[in-house]
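S.K.: model this:
(one chain, ligands or ions: 1)
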Amino acid sequence: MSFSQQPIKTGTDFDCLVIGAGFSGMYMLHLLREAGFSTRVIEKGDGVGGAWYWSRYPGARCDSESVYYNYTFSEELYNEWTWSSRFPEQPEILRYLNFAADRLDLRRDIQFNTEVRAAHFDEDENIWRLHLSDGTSVTATYFISGVGCLSINATNIPNFKGLEQFEGDWYHTGAWPHHKVNFRGKRVGVIGTGSSGVQTIPVIAQEAEHLTVFQRTPQYSVPANNHPLEEEFIQYVKNHLPEIRGKMRESLGGLPFAPFERSALDDTPEERRKVYEEAWEKGGSALFFTYPDLLTNEESNTTASEFIRSKIKEIVKDPETAEKLMPTYYYGTKRAIMDTNYFETYNRDNVSLVDVKKAPIAEITAKGVRTEDREYELDVLVFATGYDGMTGPLLKMDIRGRDGETLKQKWENGAHVRTYLGLTTAGFPNMFMITGPESPSVLGNVPVAIEQHVEWTADCLKHMRETGMDTIEATQEAEEEWSRKCREMAEATLYTKTESWYTGANIEGKPRGFLMYLGGYGPYRELCDEIAEKGYEGFALASGSNTVV
Ligand code: N01
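M.R.: Got it, this is the predicted structure:
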């Protein structure tokens, strides 16, 4: 291996600057260095891990099965790590990422405790200049964002009146402190019942004197059915990694299983009930991956939605609380959630549920939360209110491309986000977004999507070097076509019928539009490969004054 090379282009500090040392940035650094590109990663935290570094809230755990939720590019690396359970907790995942950083010797090319404030493309020099929080700036030929879809710089704290007067402590699940937060003997409030809220509520309830959950939208959730992994299973996956990895890469959602080939409506109600019962028992994402038309056919979707509602009714003893917990949106059109004792938690005497759709939160007071009908006194308030997803992590930085146009102007002035493959955007040459908006990204087992984007990007930069090209940039036409395709795919599903962070609806004033590509990981990979094989179709590659489209 050769590390810390000199940049190819004179006058730049590095060939590549990468933001973020999570799954994406770490692998990007590894591949770029292997390919001989001088690379620096800029990371806000004082350690690696990205979202897993920041999301330390009690109960945080992965909702993809551990044996598939890691790097699979190296069998050697894969075989050296052994997961303890099916859905490990955040500290174990963070240990894994630290292990990978050590094993790949990544740290010496990561600048920690530093934020990227701005990234500007210099058209005269064809270089990117990044302005950092320590007051310095660095330059590179290529600028690669590994900030991810949901990052620390884009946590969503709703604009509630009066938060500054709250006398207790408050936290956001995505920016949790490094020390243990003590809930013992405390009156705790949790706002939000998405994936983070559903994970943290049962854990906080065990410690708090009283927990009040402020729920705006009731959620579908299925049991994770977490359990320790058997040695035999772990060994099986290790021994068959190439084959399993192949299946994961070809699949729609990055997991080595295929959904049924029949509609939910092809089965009788009894058959369907049996399918759903088995999936419920199996836990995790099994129910979500049963019938392929759950997200395209309202009637099919209703069968799964009704099944989960019937389970909620069975689990929650107080009928009034059960009624408040009944979700009504199309199952799966918000992120499908899995839990450990979520609905059971509402049977505890120290837990109460407040419907803030009925009586919205009016303000945060010195003593707690006041909804439109009463005040709830609290010692600790937890915001499980999510993120300004997909575009937020990028738009929090001042990114400027050609003619000084900001990414914010481009995406907010247009009726929607526009990218090519979710990887690049016209007017921003030599900039790549790992799992960017309009890529399949979070709609599956994300490390598989990350590996694909990182590998494609590294191959692209090697092609640029081999062919002596200076810039690569999506064409307007290719980008319009891609964005149109993403919108059309989304319109053909039930996703667009639900308000969620997938459509930007969770952030006040954010332009609406489905923010991911729905064609699935495998088909997307094939498409990206075809584009590269055709000499980067849809991109303009230029060297000096020569442009090749
Ligand atoms: O955030 P969310 P999250 N007043 O946006 C509510 C990933 N993740 O952090 O639904 C009252 O899903 C909001 O209500 P509503 C995963 O991709 C992964 O939980 O908008 N309530 C909702 O209930 C996930 O999808 C893991 O009506 C307000 C909640 O806050 C993504 O992160 C674990 C409100 C926000 O839910 C985000 O999940 C955790 C307001 N003003 C997260 N504003 C893994 O296991 C918002 N809410 C890998």
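S.K.: When you work out contacts or count neighbours from here on, use the C-alpha atoms and nothing else.
M.R.: Fine.
S.K.: For Glu473, list the residues it contacts.
M.R.: 424-431, 539-541 (Cα atoms under 8 Å, 6 or more residues apart in numbering).
S.K.: can you redo these as JSON lines with neighbour count and secondary structure?
M.R.: Below are those laid out as JSON lines (neighbours: other Cα atoms under 10 Å; DSSP: H, G, I helix; E, B strand; the rest coil):
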{"residue": "Thr424", "neighbour count": "26", "secondary structure": "strand"}
{"residue": "Thr425", "neighbour count": "28", "secondary structure": "coil"}
{"residue": "Ala426", "neighbour count": "23", "secondary structure": "coil"}
{"residue": "Gly427", "neighbour count": "21", "secondary structure": "coil"}
{"residue": "Phe428", "neighbour count": "25", "secondary structure": "coil"}
{"residue": "Pro429", "neighbour count": "28", "secondary structure": "coil"}
{"residue": "Asn430", "neighbour count": "25", "secondary structure": "coil"}
{"residue": "Met431", "neighbour count": "27", "secondary structure": "strand"}
{"residue": "Phe539", "neighbour count": "25", "secondary structure": "strand"}
{"residue": "Ala540", "neighbour count": "17", "secondary structure": "strand"}
{"residue": "Leu541", "neighbour count": "24", "secondary structure": "strand"}
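S.K.: Mind putting the residues you listed into CSV with pLDDT and distance to Asn70?
M.R.: Listed next are the contacts of Glu473 as CSV, based on pLDDT from 0 to 100; distance: Cα to Cα, whole Å:
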residue, pLDDT, distance to Asn70
Thr424, 98, 25
Thr425, 98, 28
Ala426, 97, 32
Gly427, 97, 34
Phe428, 98, 31
Pro429, 98, 31
Asn430, 98, 28
Met431, 98, 26
Phe539, 98, 31
Ala540, 97, 34
Leu541, 97, 33
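S.K.: near the ligand too, which of the residues you listed?
M.R.: Taking Cα under 6 Å from any ligand atom as the test, the ligand is in contact with none of the contacts of Glu473.
S.K.: of those, closest to Phe257?
M.R.: Phe257 lies nearest to Thr424 out of the contacts of Glu473, by Cα to Cα, at 30.0 Å.
S.K.: which element is the residue nearest to the closest one when sequence neighbours are not counted on?
M.R.: Leaving aside its sequence neighbours, Thr424 sits nearest to Phe432 (Cα to Cα, 6 or more residues apart in numbering; 5.1 Å). Assigning secondary structure by DSSP states H and E places Phe432 in strand 431-433.
S.K.: same deal with Cys460?
M.R.: helix 446-467.
S.K.: Flag the shaky bits of the chain, pLDDT-wise.
M.R.: Low-confidence segments of the chain (pLDDT under 70): 1-5, 413-415, 545, 549.
S.K.: Double-check that Leu17 belongs to a helix.
M.R.: No - counting by DSSP: H, G, I helix; E, B strand; the rest coil, Leu17 is not found in a helix; it is strand.
S.K.: Show me what it bridges to in the sheet.
M.R.: Arg40, Phe143 (DSSP bridges).
S.K.: and it, how far is that from Glu314?
M.R.: Leu17 sits 53 Å away from Glu314, taking Cα to Cα, to the nearest Å as the criterion.
S.K.: So which of these two has more stuff around it?
M.R.: Higher neighbour count among Leu17 and Glu314: Leu17, with 26 against 13, using other Cα atoms under 10 Å.
S.K.: so what's that one up against?
M.R.: Residues counted as contacts of Leu17 (Cα under 8 Å, 6+ apart) are 39-42, 139-140, 142-144.
S.K.: hmm, try it at 6 Å
M.R.: Neighbour list for Leu17: 39-41, 143 [criterion: Cα atoms under 6 Å, 6 or more residues apart in numbering].
S.K.: contacts with the ligand among those, please.
M.R.: Counting by Cα under 6 Å from any ligand atom, no member of those reaches the ligand.
S.K.: a markdown table please, covering the residues you listed and showing distance to Asn126.
M.R.: Below are the contacts of Leu17 laid out as a markdown table (distance: Cα to Cα, whole Å):
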| residue | distance to Asn126 |
| --- | --- |
| Thr39 | 17 |
| Arg40 | 18 |
| Val41 | 20 |
| Phe143 | 11 |
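S.K.: now, which of those residues sits nearest Ile337?
M.R.: Nearest to Ile337 out of the contacts of Leu17 is Val41 (Cα to Cα; 32.2 Å).
S.K.: Let me know how buried that closest one is, in neighbour terms.
M.R.: 25.
S.K.: my guess is it contacts Val18, does it?
M.R.: Yes - counting by Cα atoms under 6 Å, Val41 touches Val18, with 4.6 Å between them.
S.K.: picking that back up, so, in contact with the ligand or not, the helix holding Cys460?
M.R.: No - Helix 446-467 is not in contact with the ligand by Cα under 6 Å from any ligand atom; minimum separation 9.0 Å.
S.K.: Same question for stretch 206-214.
M.R.: No - judged by Cα under 6 Å from any ligand atom, stretch 206-214 stays clear of the ligand, getting no closer than 6.7 Å.
S.K.: For Phe214, grab phi and psi.
M.R.: Torsion angles at Phe214 (phi, psi; degrees, to the nearest 10) stand at phi -100, psi 110.
S.K.: nope, Ala264 is what I meant
M.R.: The phi/psi pair for Ala264 (degrees, to the nearest 10) is phi -60, psi -30.
S.K.: Give me the neighbour count for it.
M.R.: 24.
S.K.: can you list the residues of the stretch 401-549 of the chain near the ligand?
M.R.: 501, 506.
S.K.: now the strands: where do they sit in the stretch 401-549 of the chain?
M.R.: 431-433, 471-474, 539-543, 546-548 (DSSP state E, counting those that start in this stretch).
S.K.: now the longest one: how far from the chain's centre is it?
M.R.: When distances are taken as Cα atoms, centre = their mean, to the nearest Å, strand 539-543 is centred 31 Å away from the chain's centroid.
S.K.: so what strands line up beside it?
M.R.: strand 471-474 (antiparallel), strand 546-548 (antiparallel).
S.K.: just to revisit the earlier point, tell me the strands beside the strand holding Phe432, with direction?
M.R.: Its sheet considered, strand 431-433 pairs with strand 137-145 (parallel) by DSSP bridges.
S.K.: Flag every buried residue along the strand it pairs with.
M.R.: 139-145 (16 or more other Cα atoms under 10 Å).
S.K.: now stretch 289-309
M.R.: 289-297, 300-305, 308-309.
S.K.: Ok, stretch 371-382 next?
M.R.: Of the residues in stretch 371-382, 371, 375-382 count as buried by neighbour count, 16+ other Cα under 10 Å.
S.K.: Next: stretch 508-518.
M.R.: Buried positions in stretch 508-518, judged by neighbour count with 16+ other Cα under 10 Å: 511-518.
S.K.: again with stretch 536-549
M.R.: Result for stretch 536-549 [16+ other Cα under 10 Å]: buried residues 536-542.
S.K.: Show me the buried residues of stretch 289-309 that map onto helices.
M.R.: Those of the buried residues of stretch 289-309 mapping onto helices are 300-305, 308-309, per DSSP state H.
S.K.: could those residues go into a markdown table alongside distance to Pro437?
M.R.: Output for those, formatted as a markdown table (distance: Cα to Cα, whole Å):
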| residue | distance to Pro437 |
| --- | --- |
| Ser300 | 28 |
| Asn301 | 26 |
| Thr302 | 29 |
| Thr303 | 31 |
| Ala304 | 28 |
| Ser305 | 28 |
| Ile308 | 30 |
| Arg309 | 32 |
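S.K.: near the ligand, from the residues you listed?
M.R.: Of those, not one also sits near the ligand (Cα under 6 Å from any ligand atom).
S.K.: Return the closest of the residues you listed with respect to Gln90.
M.R.: Ile308 (26.9 Å).
S.K.: residues in contact with Glu43?
M.R.: Counting by Cα under 6 Å, 6+ apart, Glu43 has contacts 20-21, 111-112, 114.
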